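**Student:** Provide a 3D model corresponding to the input given below.
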Amino acid sequence: MQLASSRAAFLAVCTSLFLGVLPCSLLCITPAMAADDLIITLIDIGQGDSTLIQSPSGRTMLFDGGKNGRGTSVVIPFLQSVGVDTLDYMVASHYHDDHIGGLDEVINAIPVREAAYDRGWTYGTQSYASYASAVASKRQTIEPGQVIDMGAGVIVTCLALNGNNQLSPPFNNSSEENEYDICLLIEYGGFDYFQAGDLTGGGLSYDDIETSVASLVGDIDVYHVSHHGSNSSSNAAFMQAVQAEVSVISVGNNGYGHPAQPVLDRLVQYGSFVYQTEEGDGGTLPPQDLRVVGGHMAIVTDGNATYTVDGDPWNIDEDNLSPVNHSLALALNVMGNFPNPFNPATEIRFDSEVGGSSQLAVYDVKGRLVYADEFMAQAGLNSVMWRGLDSRGLRVSGGVYLYLLETPAGRGTGRMVMVK
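**Tutor:** Below is the predicted model of the structure:
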């Protein structure tokens with residue numbers, strides 16, 4: 001939920017950021033950081049994950065370290081820039097290179113005082129061997145239910161790891177490494193944040209671990225999207241349970257199609273506004289649902305009533321509202337536009353379980369509304385044509401455009417390319 005300022009004002013900020021213009025009346029919308037703030041920063045290491053948690057007590061935790069070389073080139077300089085010369089805790093979510101590759105570089109330059117936690121067991125890569133050697137003197141296996149007191153009221157709880165009792169040991173199957181992820185819940189006052197590396201929800205032939213974890217997570221404010229928004233993550237049961245107002249994605253150029261369009265659509269269907277560190281190589285959303293930060297992303301809160309994400313204000317959700325009925329939202333299947341690329345026209349097709357008044361909106365890549373039209377959808381297969389014209393009837397230039405369908409059955413988005 002947003003601050004007392006209206007949703008429209010908040011969207012104006014997002015849209016203005018896409019347009020590169022920030023209204024003067026909104027320049028002071030970001031509160032100054034205070035001594036009692038919890039700061040969670042998604043460090044922009046490209047494709048991979050690395051997150052710094054800074055408690056008001058001064059205690060720190062680094063969760064993952066990105067790929068080999070990113071520890072030295074990105075993570076260490078960032079830690080030094082925010083005055084962190086010693087870490088209290090380090091956590092490796094699992095043993096894939098884009099999560100642990102930089103951790104040995106970090107610990108060799110910045111000491112860890114208390115513990116370097118991981119899931120135990122072993123893994124057969126050079127990145128793992130370098131990591132294990134570097135953390136050996138501080139290495140501890142974290143346990144389900146273990147609580148780490150970060151001081152000043154900040155509590156980190158390990159909810160699950162090694163498949164959350166959905167898999168059987170030994171936990172050394174390289175094809176199940178994503179399923180073995182450590183799941184952390186960070187709590188400070190009324191604020192809740194969940195992060196779990198590449199945790200899987202059953203897509204792409206992975207085991208579904210997310211559903212079993214969902215009830216442990218409960219209603220949260222911010223969801224750090226698992227597996228960079230891959231189709232393997234963020235299943236419907238999980239999103240229904242966590243009801244996150246904000247979802248944040250650590251992503252970069254990847255070649256895997258992260259973040260996947262169906263996942264982005266699902267995040268929005270379950271009430272999230274989405275932030276990404278970088279654009280990635282997958283799907284996208286219109287500016288009222290997505291903002292690409294283009295760098296490090298800080299989440300700041302005093303644990304009381306509000307928090308900010310890259311300066312955007314949000315209310316902490318303490319209402320524990322009943323899950324929203326998304327049965328209609330799940331009844332819309334957007335099948336994309338054909339042809340794509342296209343010139344001069346393209347047909348957007350979708351299947352809907354219910355009919356009614358609907359709208360097509362087209363945006364350019366800067367988030368500017370190019371075209372909007374209302375139409376009546378029917379129950380069943382539908383199509384709507386965009387002829388490459390703006391709302392004035394003028395031909396648009398070639399390039400990438402985003403479309404948003406809003407129907408009684410839900411909302412769907414996609415990316416299309418007009419060629420000249």
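
**Student:** make it CA atoms for all contacts and neighbour counts henceforth
**Tutor:** OK.

**Student:** So what's the residue count around the closest residue to residue 99 other than its chain neighbours?
**Tutor:** Leaving aside its sequence neighbours, residue 99 sits nearest to residue 66 (Cα to Cα, 6 or more residues apart in numbering; 4.5 Å). Other residues near residue 66 come to 27 when the count uses other Cα atoms under 10 Å.

**Student:** now swap in residue 104 and tell me
**Tutor:** Neighbour count of residue 104, defined by other Cα under 10 Å: 24.

**Student:** Model confidence for it, exactly?
**Tutor:** pLDDT recorded at residue 104 is 98.

**Student:** Let's verify it: helix, strand, or coil?
**Tutor:** Taken by DSSP: H, G, I helix; E, B strand; the rest coil, the conformation at residue 104 corresponds to helix.

**Student:** Tell me which stretches of the stretch 201-350 of the chain form strands.
**Tutor:** Using DSSP state E, counting those that start in this stretch, the strands found in the stretch 201-350 of the chain span residues 222-224, 246-249, 273-276, 290-292, 297-301, 306-309, 312-315, 332-338, 346-352.

**Student:** Including mean pLDDT, mean neighbour count and distance to residue 40, could these go into a markdown table?
**Tutor:** Output for these, formatted as a markdown table (pLDDT from 0 to 100; neighbours: other Cα atoms under 10 Å; distance: least, Cα to Cα, whole Å):
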| stretch | mean pLDDT | mean neighbour count | distance to residue 40 |
| --- | --- | --- | --- |
| strand 222-224 | 98 | 25 | 11 |
| strand 246-249 | 98 | 25 | 11 |
| strand 273-276 | 98 | 24 | 14 |
| strand 290-292 | 96 | 22 | 17 |
| strand 297-301 | 97 | 23 | 5 |
| strand 306-309 | 96 | 22 | 9 |
| strand 312-315 | 94 | 20 | 14 |
| strand 332-338 | 86 | 19 | 35 |
| strand 346-352 | 93 | 20 | 39 |
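
**Student:** Any chance of TSV for those, columns distance to residue 83?
**Tutor:** Output for these, formatted as TSV (distance: least, Cα to Cα, whole Å):
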stretch	distance to residue 83
strand 222-224	24
strand 246-249	24
strand 273-276	25
strand 290-292	26
strand 297-301	15
strand 306-309	21
strand 312-315	24
strand 332-338	47
strand 346-352	51
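
**Student:** right, and the ones you listed - which one's nearest residue 178?
**Tutor:** strand 222-224 (15.3 Å; Cα to Cα).

**Student:** Show me what the closest one packs onto, helices and strands only.
**Tutor:** Applying 3 or more Cα pairs under 8 Å, 6 or more residues apart in numbering; DSSP states H and E, we find strand 222-224 packed against strand 191-195, strand 246-249.

**Student:** Residues contacting that strand, please?
**Tutor:** 192-196, 244-250 (Cα atoms under 8 Å, 6 or more residues apart in numbering).

**Student:** Just give me the closest of those residues to residue 72.
**Tutor:** Relative to residue 72, and with distances defined as Cα to Cα, the nearest of the contacts of strand 222-224 is residue 250, at 18.4 Å.

**Student:** Model confidence at that closest one, what's the number?
**Tutor:** The model reports residue 250 with a pLDDT of 98.

**Student:** Tell me how many other residues crowd it.
**Tutor:** Neighbours of residue 250 (other Cα under 10 Å): 32.

**Student:** contacts for stretch 368-387?
**Tutor:** By Cα under 8 Å, 6+ apart, stretch 368-387 touches 15, 18-19, 344-364, 389-391, 407.

**Student:** Right, I'll leave it there.
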